[in-house]
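In: fold the following for me, if possible:
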Amino acid sequence: MKVHFIAIGGSAMHNLAIALSRKGIDISGSDDEIFEPSKSRLEKQGILPENIGWNASLISKSIDAVILGMHARGDNPELEKAKELGLPIYSYPEYLFEQSKSKKRIVIGGSHGKTTITAMLLHACMKLNVNVDYMVGAQLDGYDCMVKLTDDASYMILEGDEYLSSPIDRRPKFHLYKPDVAIISGIAWDHINVFPTFKNYINQFDIFCSLIERDGMLIYNDEDFEVKQLGEKYNSTLKTQAYSTPKFEPIKNGSKLKFNDKSYDLQIFGSHNLQNLIGAMHLAAELDISNHDFLNAMSDFTGAGKRLQKVVETDTFVMYKDFAHSPSKLKATTNAIKEQYPNRKVIACMELHTFSSLKKEFLPLYKGAMNSADEAIVYYSPDVVKHKKLEPISKEFVAKCFGGEVVVMNNTEEVLNQLQSKSWNETVLIMMSSGNFDGIDYDSLGLTLSK
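Out: The predicted model follows:
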């Protein structure tokens, strides 16, 4: 069996390539750029392309399948050669489905919380020795590859991204998995470059529900209005399970969860995380893991990769970093920090970095997203706006969109100077971005502020 990857260096693509190679499949690939950590991981597996760039001569009749990544263009010369030869061409999610057709597929969908719920479920499976295959969209601690494919696992856990499948397949990825069990954690308009209206975006989740296998299960967050509407729509054709935020109280370094007259000490905190936990618990039940066993297994779960990671802590100062960038994620993260540290001053600093977040039409959705913070700083680079070919935005416009006393900055040095000028006694700092604030070293910043 030989499989060729067009755009093998992508964060998702290189993980799938490694997983298939470990399964014994002969892997080849190409890309016009491969960055770390993809490069080192591919090299370690022995499947790093010898040359950078596209090469149609790599495509021959000996290839059994071609997997096309989103990074490639529709006129890619290797893709054109594969079409000419009539080779089977798959998107990343299509091939994952092919590899899991005989398994019970559990798909985690939602605008936010997907990675955390997936990480929670995998953590429990690992601790309780439940054999599962999986695909996760982000790097998690303790895993050297975020895709696992075997012949013996009965379950396949898939993080269900709603973004497009490939340059020639404009369907959202999660439409291709046909779940036996699905969860929707929340719906908040995202990817507006692809889904131009909120109605259009919601419709993708409706289609996702319609593709759940007959007699399948839909688990849904009934505290989210749009999700609840879908749960109620499909409760006559599917088995459904609603969930919501459980009773809990903040404790030092985590939370105490009250469930079924029992208490569980956890290392995660914030309403949103606890809500995700209950969603993951219901998924685990579909893998024959009892609620009690699941919650016990979660006692040492500290969070998903890049989600609410503690950078530094002293007796009087704590700093976190988080991947939050959309309005719903920003609000959930800021709220979680304030819930956990109600008696401390919370300073929230976020970077507008994605296409959606820098688009004039989308910015008003950030209204009130950082209101839980005592002080809020928003940073964006006009150069990034220009690079993304978006309409220029002013600091005044951004401040108005966020509301409150938000301070808006355009210069990284200005952000650092502002932070370093403050007193950090009895204070919590949260840095939020899907980028990196133009290279701010979080560890170094945390050490400087904690002195």
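
In: where along the stretch 151-300 of the chain do the helices fall?
Out: Using DSSP state H, counting those that start in this stretch, the helices of the stretch 151-300 of the chain run over residues 198-210, 225-233, 271-285, 291-297.

In: most neighbours per residue, which of the ones you listed?
Out: helix 271-285 (a mean of 24; mean count of other CB atoms under 10 Å). For the C-beta atoms, the positions are set from N, CA and C on the backbone; glycine is no exception.

In: next one: that helix to chain centre, how far?
Out: Between the centre of helix 271-285 and the centre of its chain there are 16 Å (CA atoms, centre = their mean, to the nearest Å).

In: list of residues touching that helix?
Out: 106, 108, 112-113, 116-117, 120-121, 124-125, 181, 183, 185, 219, 221, 223, 241, 243-246, 248, 255, 257, 266, 268, 291, 294-295, 298, 303, 308, 332-333, 335-336, 339 (CB atoms under 8 Å, 6 or more residues apart in numbering).

In: what separation is there between Tyr155 and Asp300?
Out: Distance, Tyr155 to Asp300, using CB to CB, to the nearest Å: 22 Å.

In: between the two, who's got more neighbours?
Out: When Tyr155 is set against Asp300 and neighbours are counted by other CB atoms under 10 Å, the residue ahead is Tyr155, at 21 against 9.

In: so what pairs up with that one in the strands?
Out: Beta-bridge pairing for Tyr155 (DSSP bridges): Lys104, Val132.

In: make residue 1 into 549 and carry on from there
Out: That works, and once the first residue is 549, the last one we named lands at Tyr703.

In: check whether it really touches Ser650, as I assumed.
Out: No. Counting by CB atoms under 8 Å, Ser650 is not a contact partner of Tyr703; they are 11.1 Å apart.

In: buried set for stretch 714-729?
Out: Buried residues in stretch 714-729, counted by 16 or more other CB atoms under 10 Å: 714-715, 717, 720-729.

In: hmm, I was thinking of stretch 581-590
Out: Ile582, Ser586, Lys587, Arg589, Leu590.

In: again with stretch 650-661
Out: Lys651, Lys652, Arg653, Ile654, Val655, Ile656, Gly657, Gly658, Ser659, His660, Gly661.

In: tabulate the buried residues of stretch 714-729 in a markdown table, adding columns for distance to Val932.
Out: Output for those, formatted as a markdown table (distance: CB to CB, whole Å):
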| residue | distance to Val932 |
| --- | --- |
| Ser714 | 26 |
| Pro715 | 23 |
| Asp717 | 28 |
| Pro720 | 26 |
| Lys721 | 26 |
| Phe722 | 28 |
| His723 | 30 |
| Leu724 | 31 |
| Tyr725 | 33 |
| Lys726 | 38 |
| Pro727 | 36 |
| Asp728 | 41 |
| Val729 | 39 |
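
In: which two of these have the greatest separation?
Out: Using CB to CB, the two most remote members of those are Pro715 and Val729, lying 30.2 Å apart.

In: just the strands in the stretch 649-798 of the chain please.
Out: Applying DSSP state E, counting those that start in this stretch to the stretch 649-798 of the chain gives strands spanning 652-657, 680-683, 695-696, 703-708, 712-714, 717-720, 729-732, 765-769, 787-791, 795-799.

In: Ser929: which of the ones you listed is closest?
Out: strand 712-714 (25.8 Å).

In: in contact with Thr882, which residues?
Out: Taking CB under 8 Å, 6+ apart, one finds Val894, Ala896, Ala917, Met918, Asn919, Ser920, Ala921, Ile978 in contact with Thr882.

In: what's the PyMOL line that selects buried ones from those residues?
Out: Restricted to buried positions by 16+ other CB under 10 Å, the PyMOL selection for those reads:
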select buried, resi 894+896+917+918+919+920+921+978
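
In: can you put the contacts of Thr882 in CSV and add pLDDT, secondary structure and distance to Gln687?
Out: Output for these, formatted as CSV (pLDDT from 0 to 100; DSSP: H, G, I helix; E, B strand; the rest coil; distance: CB to CB, whole Å):
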residue, pLDDT, secondary structure, distance to Gln687
Val894, 97, strand, 27
Ala896, 97, strand, 24
Ala917, 96, coil, 26
Met918, 96, coil, 27
Asn919, 96, coil, 31
Ser920, 96, coil, 28
Ala921, 97, coil, 28
Ile978, 97, strand, 21
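
In: which one of the contacts of Thr882 is nearest to Glu962?
Out: Closest to Glu962, out of all of the contacts of Thr882 and judged by CB to CB, is Ala896, at 16.5 Å.

In: so the closest one touches Leu967, yeah?
Out: No. Counting by CB under 8 Å, Ala896 does not reach Leu967; the two are 11.5 Å apart.

In: overlap in contacts of those two?
Out: Joint contacts of Ala896 and Leu967 (CB under 8 Å, 6+ apart) are Ile925.

In: which parts of the stretch 799-948 of the chain are strands?
Out: 802-807, 810-814, 857-861, 865-870, 893-899, 923-927.

In: contact partners of the third one?
Out: When contacts are taken as CB under 8 Å, 6+ apart, the neighbours of strand 857-861 outside the stretch itself are 851, 866-870, 979, 990-991, 993-995, 997-998.

In: which residues does the nearest residue to Ser733 once chain neighbours are set aside contact?
Out: Spatial nearest neighbour of Ser733, chain neighbours left out: Gly658 (3.3 Å); criterion: CB to CB, 6 or more residues apart in numbering. Neighbour list for Gly658: Ile665, Gly708, Ile731, Ile732, Ser733, Gly734, Ile735, Asn769, Val775 [criterion: CB under 8 Å, 6+ apart].

In: between these, which is closest to Met618?
Out: Checking the contacts of Gly658 one by one against Met618 (CB to CB), the nearest turns out to be Gly708, at 15.7 Å.

In: quick one: the helices in the stretch 549-698 of the chain?
Out: Using DSSP H, counting those that start in this stretch, helices in the stretch 549-698 of the chain cover 559-570, 586-593, 625-633, 640-648, 662-675.

In: reformat those helices as JSON lines; add distance to Ser576.
Out: Listed next are the helices of the stretch 549-698 of the chain as JSON lines, based on distance: least, CB to CB, whole Å:
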{"stretch": "helix 559-570", "distance to Ser576": "9"}
{"stretch": "helix 586-593", "distance to Ser576": "11"}
{"stretch": "helix 625-633", "distance to Ser576": "10"}
{"stretch": "helix 640-648", "distance to Ser576": "15"}
{"stretch": "helix 662-675", "distance to Ser576": "29"}
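
In: now mean pLDDT and distance to Ala833 too, for the ones you listed, in TSV please.
Out: Formatted as TSV, the helices of the stretch 549-698 of the chain follow (pLDDT from 0 to 100; distance: least, CB to CB, whole Å):
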stretch	mean pLDDT	distance to Ala833
helix 559-570	96	27
helix 586-593	97	34
helix 625-633	98	42
helix 640-648	97	20
helix 662-675	96	11
